[in-house]
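Let's see this in three dimensions:
(2 chains)
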Amino acid sequence: MSVKEFYYLTIVLSNCMYGGTAFLSDTALFNLETIIRNSLLSIKNFEFRGVGCSMVRGNTNSLTLGVSAGYFNNQQNLTDTNANLLRTQIRNALTSIQGLVFSEIRIETVITGRANV
Amino acid sequence: MSKVIINPATTQHASCRIYIMGCSYQGLVWQDNPQPLLILIRDKCDRLTNFTYKTIKIINVKKALGNEMEVHIGDITYSTTDRLTATNVDLLRQNLQTTFSTISTFLFERIDVVLDMFLEQPSSGFVFNSMSQVI
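Below is the predicted model of the structure:
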């Protein structure tokens, strides 16, 4: 019998630009969501949930993107090594998206379930 | 936050709010009684064409060095379109700038329009719990 854990991930990308702009149209956002989803598909045990964005338009514009996802962990506890590996995979997937730039990536994990299987 | 079904696979949630930053009224950046200013701002907002809102808050911010005051207008809609475009937002900011400038002794540094959107895949029923960490 092994323990399986399920985590909820909130990935926040700050100071973003996509296609050279910080204010996205609906089309650009839908397009970006598809690209982000496809980029993250390669990560094992990763379940994409959605993309959120907060766009500020004022004297200075800014764009913050959030990706929500689920992550299954086959081992007990998400160790520091596991977490670093996951973070690297996510960062690599997101940095490879053409036209998307961001200054910081923050990943919050919340354990939502644990089961003996 | 309004919930709009765009297509069967993806649900779009969207909301828009306005932040008026660096405010002062009657030379003060702290309102012991924000009600008079609130009434004036609400009156100006109600006069704007094609503009609706749900909440107006006057926020007194206590800082280590000096205070700050902000006005937050929540859940707004503008124009007849569902989604605020960059052009509409710029127009709205310009209108707000002109409108609020007519309030005597009310000064502000800038107006930010914040648009939040979330595109969600069909739910698999997440249950939130504690035990969070940042990696």
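
hey, let's count contacts and neighbours off CA atoms from now on
OK.

Strands of the chain, residue ranges please.
You didn't pick a chain, so chain A it is. Under the criterion DSSP state E, strands of chain A are mapped to A:3-14, A:17-18, A:46-57, A:62-73, A:100-101, A:104-116.

The chain in question should be chain B.
According to DSSP E, the strands that chain B contains are B:2-7, B:10-21, B:24-25, B:51-52, B:55-62, B:67-74, B:77-78, B:106-107, B:110-120, B:132-134.

low-scoring pLDDT stretches of chain B, where are they?
Scanning chain B for pLDDT under 70 picks out B:1-11, B:80-83, B:122-135.

go with 90
Scanning chain B with the threshold set as pLDDT under 90 gives B:1-15, B:50, B:62-66, B:77-89, B:116-135.

need the longest helix for it.
The single longest helix within chain B, with elements called by DSSP state H, is helix B:86-101.

near chain A at all, that helix?
Yes: using CA under 8 Å from any CA of the partner chain, we find that helix B:86-101 touches chain A at B:86, B:89-90, B:93.

what are the C-alpha coordinates of the helix or strand of chain A with the lowest mean pLDDT, in PDB please?
When the helices and strands of chain A are scored by mean pLDDT, DSSP states H and E, strand A:104-116 comes last with a mean of 84. The C-alpha trace of strand A:104-116 is given here as PDB (Å, rounded to 0.1, in the frame of the first residue of the first chain):
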ATOM      1  CA  GLU A 104       8.900  36.500 -10.800                       C
ATOM      2  CA  ILE A 105       7.300  33.100 -10.400                       C
ATOM      3  CA  ARG A 106       5.700  32.200  -7.100                       C
ATOM      4  CA  ILE A 107       4.100  28.800  -6.600                       C
ATOM      5  CA  GLU A 108       1.900  28.100  -3.600                       C
ATOM      6  CA  THR A 109       1.000  24.500  -2.800                       C
ATOM      7  CA  VAL A 110      -1.900  23.400  -0.700                       C
ATOM      8  CA  ILE A 111      -2.400  19.800   0.200                       C
ATOM      9  CA  THR A 112      -6.000  18.900  -0.500                       C
ATOM     10  CA  GLY A 113      -6.100  15.200   0.000                       C
ATOM     11  CA  ARG A 114      -4.100  12.100   1.000                       C
ATOM     12  CA  ALA A 115      -5.100   8.500   0.300                       C
ATOM     13  CA  ASN A 116      -3.700   5.100   0.900                       C
END
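
Please identify the pairing partners of that strand and their relative orientation?
Strand A:104-116 sits in its sheet next to strand A:3-14 (antiparallel), strand B:132-134 (antiparallel), going by DSSP bridges.

nearest to A:Ser96, of those?
Closest approach to A:Ser96 among the strands paired with strand A:104-116 is made by strand A:3-14 (13.9 Å; CA to CA).

And the closest one, what's buried?
Neighbour-count burial for strand A:3-14, counted by 16 or more other CA atoms under 10 Å in any protein chain shown, picks out A:4-14.

May I see those arranged in TSV, with pLDDT as well?
Formatted as TSV, the buried residues of strand A:3-14 follow (pLDDT from 0 to 100):
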residue	pLDDT
A:Lys4	77
A:Glu5	83
A:Phe6	86
A:Tyr7	88
A:Tyr8	90
A:Leu9	91
A:Thr10	93
A:Ile11	95
A:Val12	95
A:Leu13	96
A:Ser14	96
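
which among those gets closest to chain B?
Distances from chain B to the buried residues of strand A:3-14, taken as CA to the nearest CA, are shortest for A:Tyr8 (7.8 Å).

What residues sit buried inside stretch A:105-117?
Under the neighbour-count criterion of 16+ other CA under 10 Å, stretch A:105-117 has A:105, A:107, A:109-112 buried.

chain center to it: distance?
14 Å (CA atoms, centre = their mean, to the nearest Å).
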